[in-house]
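# coordinates only, sequence not included:
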Ligand SMILES: [Mg+2]
């Protein structure tokens with residue numbers, strides 16, 4: 001049996017990789033700790049507070065839902081968000097992609113750093129030919145990795161759950177990752193900072209889960 005030696009947060013750990021061929025990382029709160037993220041977003045765009053609140057309500061409302069395709073997901077997403085803030089869905093789409101997500105990337109770049117365990121952990125995985133995927137519930141994944149100075153070439157696939165048609169913990173989202181990477185659920189380990197999204201996602205298909213404690 002081989003093991004990955006790693007240090008996640010402050011706890012040393014050994015993850016058994018006897019059967020592991022794929023590790024799926026969450027991004028926000030996992031590859032970087034994000035204390036006071038909401039506060040910093042608000043401080044940088046105080047006039048957007050109603051839209052930010054509507055976005056959070058929408059995300060919570062649609063958690064775990066699957067719509068089959070990215071277009072359908074975002075159409076439902078902005079229609080739902082519109083019910084929370086009395087705005088036009090197309091205006092909300094523009095706000096989300098042209099203002100809100102770039103703001104999040106900018107806040108990450110200014111205030112947050114990649115967790116220290118990531119680089120040695122990735123190197124250890126590569127030595128054992130374990131493939132790596134980043135699966136985020138938000139968009140702008142490539143921009144966020146760039147903001148964190150994480151080399152996306154270290155990963156075999158960087159993808160947002162909405163691109164696959166839904167939000168965590170919809171099992172279809174992880175099934176699509178497993179299918180693309182050609183591994184079974186039993187060969188997959190999910191690493192994330194939330195039991196209710198990342199943990200439930202792993203559990204929904206029978207994959208292993210490791211909970212980080214970064215944030
Ligand atoms: Mg997270």
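Received it, and whenever you're ready, just let me know what you need. Just so it is clear, the structure is predicted and the values come from calculations on it, not from any experiment.
# tell me the pLDDT at residue 136?
pLDDT for residue 136: 98.
# Any figure for the gap between it and the ion?
With the distance defined as CB to the ion, to the nearest Å, residue 136 ends up 8 Å from the ion. For every residue, glycine as well, the C-beta is placed using N, CA and C.
# Need phi/psi at that residue.
phi -110, psi 150 (degrees, to the nearest 10).
# Identify the residues contacting it.
26, 27, 28, 144, 159, 160, 161 (CB atoms under 8 Å, 6 or more residues apart in numbering).
# Report how many residues lie close to the closest residue to the ion within the chain.
Nearest residue of the chain to the ion: residue 29, at 3.5 Å (CB to the ion). For residue 29, the count of nearby residues is 20 (other CB atoms under 10 Å).
# So what does it look like in phi/psi?
phi 90, psi -10.
# Next one: the nearest residue to it once chain neighbours are set aside from residue 150, what distance?
With CB to CB, 6 or more residues apart in numbering as the criterion, residue 29 has its nearest non-adjacent residue at 3.8 Å, and that residue is residue 193. Per CB to CB, to the nearest Å, residue 193 is found 16 Å from residue 150.
# In this structure, which helix is the longest?
Identified as the longest helix of the chain according to DSSP state H is helix 70-85.
# Quick check: what element follows that helix along the chain?
For helix 70-85, the following helix or strand on the C-terminal side (DSSP states H and E) is helix 89-95.
# Any idea what the residue nearest to the spatial centre of the chain is bridged to?
The residue lying closest to the centre of the chain (CA atoms, centre = their mean) is residue 136, at 2.1 Å. Per DSSP bridges, the residues bridged to residue 136 are residue 160.
# Can you pull out the low-pLDDT segments for the chain?
1-18, 214-215 (pLDDT under 70).
# So it: which segments form each domain?
Domains of the chain are assigned by automatic domain parsing as 3-34+114-211, 37-111.
# what about the longest one, distance to the chain center?
Right, the one you point to is domain 3-34+114-211. With CA atoms, centre = their mean, to the nearest Å as the basis, domain 3-34+114-211 stands 8 Å off its chain's centre.
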